[in-house]
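Participant: Need the 3D shape of this:
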Amino acid sequence: MGWRRRLAGLGALGAGAAGVLWAADTRVIEDVLPPEGYPVREVHHNRPVIHPTWTPPTRAAQLKALKQEKFDVLVVGGGATGSGVALDCATRGLKVALIERDDFASGTSSRSTKLIHGGIRYLAQAFQTKIPPESPMDVLRNLTFNPEYLRIVSDDLHERAFMIQSAPFMTRPVPMMIPLYRWWELPIMRVTGLLYDVVAGRRRTVPPSTYIPASEALYQFPSLKPADSKGDSLKGCLVVYDGQQNDTRMNIAIALTAAQNSATVVNHCEVTKLIMDGKPSDPGYSIRGATVCDTMTGEVIDVRADAVINACGVFSDRLRTMADPKATPIMIPGPGTHLILPDYASPDAMGLVWFTRDGRVLYLLPWEGSTIAGTTDSPGDLTFDPRATEDDVRFILAEVNRVLRDKLDRSSVRAAWCGLRPLVRDPTAEPSDTKKLSRHHVVDVVDGGFVTIAGGKWTTYRKMAEDAVDKAIEIHPNLANRVTSDCVTSSMKLIGADRGGRVCHRNFDRVAIALREVYGMDKDVANHLVHNYGTRALQLAEMAISEPGDPFRIESGGPRHWCRLSPQYPQLVAEVIFAVRYEYAETVVDIIARRTRLGFLDVKATLEILPRVLDLMQKELGWSADRRDAEQADARRFLESMYLPMTEADNEATRNLEERLLY
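Facilitator: Okay, here's the model as predicted:
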């Protein structure tokens with residue numbers, strides 16, 4: 001209990017200014033404190049640590065609001081875009097509710113390459129009809145200028161700057177080397193890098209691109225092959241920078257920030273039908289809400305709203321045809337697979353990006369203590385349970401082995417997962433033209449004033465949300481009378497980001513130091529918590545040590561040590577309870593997939609910690625034995641979908657997941 005002698009009390013930030021306040025003395029700044037004031041937990045040198053106290057309304061309270069209140073806007077879909085729409089509405093002064101069939105970021109938003117980027121491939125395609133070129137003459141023969149691609153890059157780089165600044169504790173610049181094996185590629189790629197920086201302009205927010213010689217490239221990325229498959233030696237590398245994030249944690253931060261701005265947000269709540277005023281094609285026909293089912297309890301609720309915005313990604317057509325049975329489908333699922341490889345497949349602070357043999361772009365990036373490799377681009381079917389195919393796994397491994405010295409095989413793969421890109425057909429194209437896909441996001445309106453926002457990518461979620469809300473206000477004039485502000489999200493910071501600047505002066509290393517010095521956490525644990533929670537990491541730590549019996553730390557012959565879920569990873573046992581209490585985690589899959597990310601990082605390690613997570617959630621939520629069994633079965637099905645596809649040998653031997661992990 002030595003910390004009690006060092007610390008003077010518990011501090012708190014209120015009502016949205018979450019963070020830790022470091023000051024030269026112990027004076028209280030009144031305008032950042034709630035009326036009841038703060039107790040302060042003092043660290044060495046008399047500097048106080050003030051902890052966040054805001055917690056979201058309980059799920060029960062949010063469900064009660066769905067039943068009793070009428071909303072200006074109902075948003076369907078809790079991925080990045082839907083959560084962004086809810087935040088945009090709330091900050092404009094509109095009364096908004098958000099419902100999600102599964103969990104926040106349970107679909108495409110959790111299965112990205114984790115990049116915040118402008119799309120350097122689009123930049124190349126703005127000037128070349130063939131990617132990659134094979135010779136200088138190839139470059140000249142395929143010269144073109146496509147301003148549409150250039151506009152896409154410009155818009156995406158603008159949004160990249162916003163995303164990086166909106167959650168600086170979570171986002172970081174990631175350098176990526178483009179290996180160059182032919183001399184004529186050097187000036188072309190150097191110009192490409194410079195143009196990428198010029199298009200980004202003053203809001204670049206990442207270091208500028210640079211050229212490094214072969215010797216430096218091999219020093220920074222030792223496993224890179226010094227020659228390509230044709231025998232051409234490495235001449236150098238262009239290093240470009242983009243942003244990187246933890247996508248589901250970002251999505252949850254957006255949803256919580258919306259809740260903090262008075263949005264009603266509910267996961268595990270599915271639309272069963274739309275509430276209609278009139279019939280399709282009738283004069284005055286309009287959509288006035290939705291009937292939803294709480295999938296946790298089976299309760300059915302009519303949610304009333306003046307406008308409904310559909311942000312269901314690849315599943316958007318389901319609701320579009322509910323609103324207008326004559327609506328032409330516009331969504332096309334585009335499966336993309338990623339593999340998670342060991343950390344030694346890439347350096348800690350350098351990624352790799354290259355053109356594949358068929359002209360696609362593949363990334364090899366450090367992420368969350370592992371390496372992410374992908375993605376593929378194949379046709380596929382619409383499903384709630386996309387899975388990596390054997391062809392995709394072989395393709396990625398073959399491409400990775402084409403650029404790395406040390407060969408990787410299936411035994412190197414810790415997880416393999418697939419997501420569905422929400423590709424959208426251009427609404428202005430002929431219905432029979434299945435190849436005409438919009439490269440931008442699309443705001444679509446069908447009969448009944450039903451707005452759908454579709455397409456785009458993670459980087460542009462904020463702009464997509466803004467455009468969707470603008471359209472809803474345009475076609476529902478009554479909403480315009482209730483708006484109290486223009487769109488402000490382009491300058492907003494998310495929960496945990498020290499928005500007032502009085503907390504840690506946006507130097508999040510200070511939060512990590514407090515976690516280590518005050519709470520006794522290991523360095524990797526402290527860094528993990530800050531990177532995923534920002535200043536809310538202190539709230540998590542305070543919750544943990546305040547729990548009766550101190551169950552989240554153990555004695556080990558000296559200072560108490562924090563309990564990790566897995567000895568291989570920095571995720572803590574306390575994160576499970578924090579997610580249940582303060583992040584709307586309702587199922588085991590919510591925890592392993594979207595709060596801790598272990599299911600995406602390492603299927604074997606996640607399977608090993610599954611009983612512990614089940615125990616924790618059963619005790620916290622009061623589950624019956626039957627509910628626990630159902631959760632265990634759901635979690636195992638999920639982990640099956642996150643691992644390598646079954647081989648012929650697996651099928652013949654009828655191996656279960658544990659047995660497959662051994663082979």
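
Participant: from here on, contacts and neighbour counts on C-alpha atoms
Facilitator: Noted.

Participant: Residue nearest the middle of the chain, spatially speaking?
Facilitator: In the chain, the centroid-proximal residue (Cα atoms, centre = their mean) is Asp247; its distance is 1.4 Å.

Participant: low-confidence ranges in the stretch 401-550 of the chain?
Facilitator: Applying pLDDT under 70 to the stretch 401-550 of the chain picks out residues 426-436, 439, 500-506.

Participant: low-confidence ranges in the stretch 51-200 of the chain?
Facilitator: Along the stretch 51-200 of the chain, the model assigns pLDDT under 70 to residues 51.

Participant: That one: helices as residue ranges?
Facilitator: Secondary structure of the stretch 51-200 of the chain (DSSP state H, counting those that start in this stretch): helices located at 59-68, 80-91, 120-125, 136-141, 147-166, 185-200.

Participant: is Trp367 in a bridge, and if so with what?
Facilitator: Legend: beta-bridge partners of Trp367 under DSSP bridges are Ser370.

Participant: Can you give me the pLDDT of it?
Facilitator: We have a pLDDT of 97 for Trp367.

Participant: So what's the residue count around it?
Facilitator: Summarising burial for Trp367: neighbours were counted as other Cα atoms under 10 Å, giving 23.

Participant: likewise Phe638?
Facilitator: Summarising burial for Phe638: neighbours were counted as other Cα under 10 Å, giving 17.

Participant: can you give me the helices in the stretch 251-400 of the chain?
Facilitator: According to DSSP H, counting those that start in this stretch, the stretch 251-400 of the chain carries its helices in the segments 316-323, 390-403.

Participant: Which helix or strand lies directly C-terminal to the last one?
Facilitator: Elements were assigned by DSSP states H and E; along the chain past helix 390-403, the next helix or strand is strand 415-424.

Participant: who touches that next one?
Facilitator: Outside strand 415-424, the residues within contact range by Cα atoms under 8 Å, 6 or more residues apart in numbering are 107-108, 111-112, 313-314, 330-341, 382, 386-388, 393, 437-438, 441-442, 454-456, 599-603, 641-644.

Participant: Just the buried ones among those residues, please.
Facilitator: Under a neighbour-count criterion of 16 or more other Cα atoms under 10 Å, the subset of the contacts of strand 415-424 counted as buried comprises 107-108, 111-112, 313-314, 330-341, 386-388, 393, 437-438, 441-442, 454-456, 599-603, 641-644.

Participant: got a list of what Glu555 touches?
Facilitator: His561.

Participant: Would you reformat the helices of the stretch 251-400 of the chain as JSON lines and include distance to Asp156?
Facilitator: Written out in JSON lines, the entries for these read as follows (distance: least, Cα to Cα, whole Å):
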{"stretch": "helix 316-323", "distance to Asp156": "23"}
{"stretch": "helix 390-403", "distance to Asp156": "26"}
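
Participant: Looking at those helices, which is nearest to Ser135?
Facilitator: Judged by Cα to Cα, the one of those that comes nearest to Ser135 is helix 390-403, at 19.9 Å.

Participant: So which bits of that closest one are buried?
Facilitator: Residues of helix 390-403 classed as buried under the neighbour-count rule (16+ other Cα under 10 Å) are Asp392, Val393, Phe395, Ile396, Leu397, Glu399, Val400, Asn401, Arg402, Val403.

Participant: same for it, what does it pack against?
Facilitator: Contacts of helix 390-403 with other secondary structure elements, assessed using 3 or more Cα pairs under 8 Å, 6 or more residues apart in numbering; DSSP states H and E, are made with strand 331-341, strand 370-374.

Participant: Would you tell me which of those strands gets closest to Arg536?
Facilitator: strand 370-374 (24.1 Å).

Participant: returning to what we had before: tell me which of the helices of the stretch 51-200 of the chain sits nearest to Ser229.
Facilitator: If you check each of the helices of the stretch 51-200 of the chain against Ser229 by Cα to Cα, helix 185-200 wins as the nearest, at 16.5 Å.

Participant: Output the contacting helices and strands for the following helix or strand past that closest one.
Facilitator: From helix 185-200 onward toward the C-terminus, using DSSP H and E, the following helix or strand is strand 210-213. Applying 3+ Cα pairs under 8 Å, 6+ apart, one finds that strand 210-213 contacts helix 185-200, strand 236-244.

Participant: hey, C-alpha coordinates of the first one in CSV?
Facilitator: C-alpha atoms of helix 185-200 as CSV (Å, rounded to 0.1, in the frame of the first residue of the first chain):
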residue,chain,number,x,y,z
GLU,A,185,12.7,3.9,-61.1
LEU,A,186,14.6,6.3,-58.8
PRO,A,187,13.8,9.6,-60.3
ILE,A,188,10.2,8.6,-61.1
MET,A,189,9.5,7.5,-57.6
ARG,A,190,11.3,10.4,-56.0
VAL,A,191,9.0,12.7,-58.0
THR,A,192,6.0,10.6,-56.9
GLY,A,193,7.0,11.1,-53.3
LEU,A,194,7.5,14.8,-53.6
LEU,A,195,4.1,15.1,-55.4
TYR,A,196,2.4,13.2,-52.6
ASP,A,197,3.8,15.7,-50.1
VAL,A,198,2.9,18.7,-52.3
VAL,A,199,-0.7,17.5,-52.6
ALA,A,200,-0.9,17.1,-48.8
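
Participant: May I see the buried residues of it?
Facilitator: Within helix 185-200, the residues that qualify as buried by neighbour count (16+ other Cα under 10 Å) are Glu185, Leu186, Met189, Arg190, Thr192, Gly193, Tyr196, Asp197, Val199, Ala200.

Participant: For Gln571, give its distance to Lys114.
Facilitator: The span separating Gln571 from Lys114 equals 19 Å under the rule Cα to Cα, to the nearest Å.

Participant: So these two - more neighbours on which side?
Facilitator: Between Gln571 and Lys114, counted using other Cα under 10 Å, Gln571 has the larger neighbour count: 23 against 20.

Participant: Let's have the buried residues of helix 185-200 in TSV, adding distance to Pro347.
Facilitator: Compiled in TSV, the buried residues of helix 185-200 are given as follows (distance: Cα to Cα, whole Å):
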residue	distance to Pro347
Glu185	24
Leu186	23
Met189	23
Arg190	23
Thr192	24
Gly193	22
Tyr196	24
Asp197	24
Val199	28
Ala200	26
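
Participant: Grab the nearest non-local neighbour of Asp155.
Facilitator: On the basis of Cα to Cα, 6 or more residues apart in numbering, the spatially nearest residue to Asp155 that is not a chain neighbour turns out to be Gly118, at 7.7 Å.

Participant: How much space separates that neighbour from Asp343?
Facilitator: Between Gly118 and Asp343 the distance, using Cα to Cα, works out to 26 Å.

Participant: same check, this time on Val613
Facilitator: Taken as Cα to Cα, the span from Val613 to Asp343 is 25 Å.

Participant: same deal with Pro567?
Facilitator: Taken as Cα to Cα, the spacing of Pro567 relative to Asp343 amounts to 16 Å.

Participant: Looking at these two, which is more packed in?
Facilitator: Regarding Pro567 and Asp343, a neighbour count based on other Cα under 10 Å identifies Asp343 as having more, with 16 against 11.

Participant: Check whether that one really touches Leu364, as I assumed.
Facilitator: No: when contacts are counted by Cα atoms under 8 Å, Asp343 is not listed as touching Leu364 (10.8 Å).

Participant: any common contacting residues for those two?
Facilitator: When contacts are counted by Cα under 8 Å, 6+ apart, Asp343 and Leu364 have Thr371 as shared neighbours.

Participant: Val511 is in contact with Thr535, isn't it?
Facilitator: Yes: at 6.6 Å, Val511 counts as touching Thr535 under the criterion of Cα under 8 Å.

Participant: The two: which is more packed in?
Facilitator: Thr535 (31 against 27).

Participant: start to end distance for stretch 195-204?
Facilitator: Taking Cα to Cα, stretch 195-204 runs 12 Å from one end to the other.
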